[in-house]
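Participant: sequence first, predicted model second:
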Amino acid sequence: HPDFTVSLWVNGPVQSDRRVFCEASLTNNNPMFSIGTHNTGADGTVDIYIRNDTGGTVGDHRHSLGTAFDGTWHHIAYVQRQVGPGLYRAQLYVDGLPDPVEITPVRPLTAMVTAVGMVRRAAASAWFTGLIDEVALWNRALTPEEIQILQQTPITNPPSRVLLLSVHKVGNQIELQWNRGVLQHAPAVTGPWTDVPGNPASPHRITPGETSRFYRTRE
């Protein structure tokens, strides 16, 4: 999507080059869109790192002015929109406020797979140490006013459709929460996707020993 928004809450300490949200390829290590911690671990700022299909970058790692990694909860939102033929503009928000960091989006990005708390490529890496909550994607650029809603209001009352699940650890179980739609699972991110038997309502808990699966919701 030329226009999109990524929104999530994070809670973790200063750490070096760990990713909280990432789009990458399982077969090609060149393309990547990622939100993470400072690549050198110098401070608790947000690091935006984007590469196109041939590994090209513009500005490489870009660091926020605002702090999001200090061992307390902070909200991060990345908003991108197309402003002309082949031209894109991005805005990072930290705790609901626009950050002055200058980001240059790079396209194209193809054959991508989404990962939360890590980089998912041919080999998994960059595991984040901490907590991540209320991860959501929109296929449009949210307005500054909508980012304020996300920063102040639980995702159960979002400004538009939630496309990803909220995942929590409860004791020795994993709890999935969603605000609409039917829960589906699949043995691989590419499918085949089927409805979870019994059409469970949110929240749904996964117990130890269950077969590892990918989860999503459909309307």
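Facilitator: Yep, that arrived. Computed from a predicted model, the values in this text were never measured in an experiment.

Participant: going forward, measure contacts between C-alpha atoms and count neighbours the same way
Facilitator: Noted.

Participant: got a list of what Asp47 touches?
Facilitator: 35-39, 61-64 (CA atoms under 8 Å, 6 or more residues apart in numbering).

Participant: looking at those residues, spot the one nearest Ala141.
Facilitator: Ile35 (16.7 Å; CA to CA).

Participant: give me the neighbour count for the closest one.
Facilitator: Neighbourhood size, Ile35 [other CA atoms under 10 Å]: 27.

Participant: ok, and it, which helix or strand is that part of?
Facilitator: According to DSSP states H and E, Ile35 maps onto strand 32-37.

Participant: elements contacting that strand?
Facilitator: Counting contacts by 3 or more CA pairs under 8 Å, 6 or more residues apart in numbering; DSSP states H and E, strand 32-37 packs against strand 19-24, strand 45-51.

Participant: if we can go back for a sec, neighbour-wise, which one of the contacts of Asp47 leads?
Facilitator: Thr37 (30 neighbours).

Participant: quick one: the helices in this protein?
Facilitator: Here the chain has its helices, by DSSP state H, at 144-152.

Participant: thinking again about what came up before, the strand holding Ile35 pairs with which strands, and in what direction?
Facilitator: Paired strands of strand 32-37, with direction, are strand 19-24 (antiparallel), strand 45-51 (antiparallel) (DSSP bridges).

Participant: domain assignment for this structure?
Facilitator: Domains of the chain are assigned by the TED database as 4-152, 165-218.

Participant: can you give me the mean pLDDT across the first one?
Facilitator: Put plainly, it is domain 4-152. Across domain 4-152, the average pLDDT comes to 91.

Participant: ends of that domain, how far apart?
Facilitator: One end of domain 4-152 sits 20 Å from the other (CA to CA, to the nearest Å).

Participant: on that earlier part again, the contacts of Asp47 into CSV, with extra columns for distance to Pro100?
Facilitator: Output for the contacts of Asp47, formatted as CSV (distance: CA to CA, whole Å):
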residue, distance to Pro100
Ile35, 16
Gly36, 17
Thr37, 17
His38, 16
Asn39, 18
His61, 15
Arg62, 11
His63, 10
Ser64, 7
